[in-house]
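Peer 1: Structure of the sequence below:
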Amino acid sequence: QVQLVESGGGLVQAGGSLRPSCAASGGTFDRYVMGWFRQAPGKEREFVASISRSGGKTSYADSVKGRFTISRDNAKNTVYLQMNSLNPEDPAVYYCKALTMRGTYWGQGTQVTVSS
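Peer 2: Alright, predicted model coming up:
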């Protein structure tokens with residue numbers, strides 16, 4: 001059973017930065033494709049970014065390209081999302097996702113709030 005625990009969300013002013021992280025346990029982390037998704041109130045959960053097992057390939061939603069960077073540290077079983085230039089369209093609960101051979105796992109989410 002893979003467990004994912006996000007942390008590092010919070011309140012930031014518009015234009016500011018946050019760096020949520022997601023720590024994985026219960027499996028072999030470097031075999032998982034990892035991703036970040038977000039869900040704002042009243043909206044569906046949407047893709048933000050993903051990263052390959054080795055970290056050599058990344059993908060981003062158009063809305064965050066150039067502002068967000070996904071990375072991973074396989075030695076620490078952790079994936080990160082560096083978020084810069086946060087704007088009023090970014091507030092949401094940010095979820096970590098692991099895609100494994102046994103299935104898909106989600107974390108509990110971390111809240112990101114942006115004040116104007």
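
Peer 1: tell me the centre residue of the chain?
Peer 2: residue 36 (3.1 Å; Cα atoms, centre = their mean).

Peer 1: Can you check what pLDDT the model gives that one?
Peer 2: Note for residue 36: predicted pLDDT of 98.

Peer 1: In space, what's closest to it - neighbours in sequence excluded?
Peer 2: Spatially, and ignoring its direct neighbours in sequence, residue 36 is nearest to residue 48 (4.3 Å; Cβ to Cβ, 6 or more residues apart in numbering). The way it works is simple: take the backbone N, C-alpha and C, and place the C-beta from them, glycine included.

Peer 1: and the residue nearest to residue 38 when sequence neighbours are not counted, what are its bridge partners?
Peer 2: Closest residue to residue 38 apart from its sequence neighbours, by Cβ to Cβ, 6+ apart: residue 92 at 3.8 Å. Taking DSSP bridges as the rule, residue 92 bridges to residue 112.

Peer 1: Against residue 9, how distant is residue 92?
Peer 2: In this view, residue 92 and residue 9 are 9 Å apart by Cβ to Cβ, to the nearest Å.
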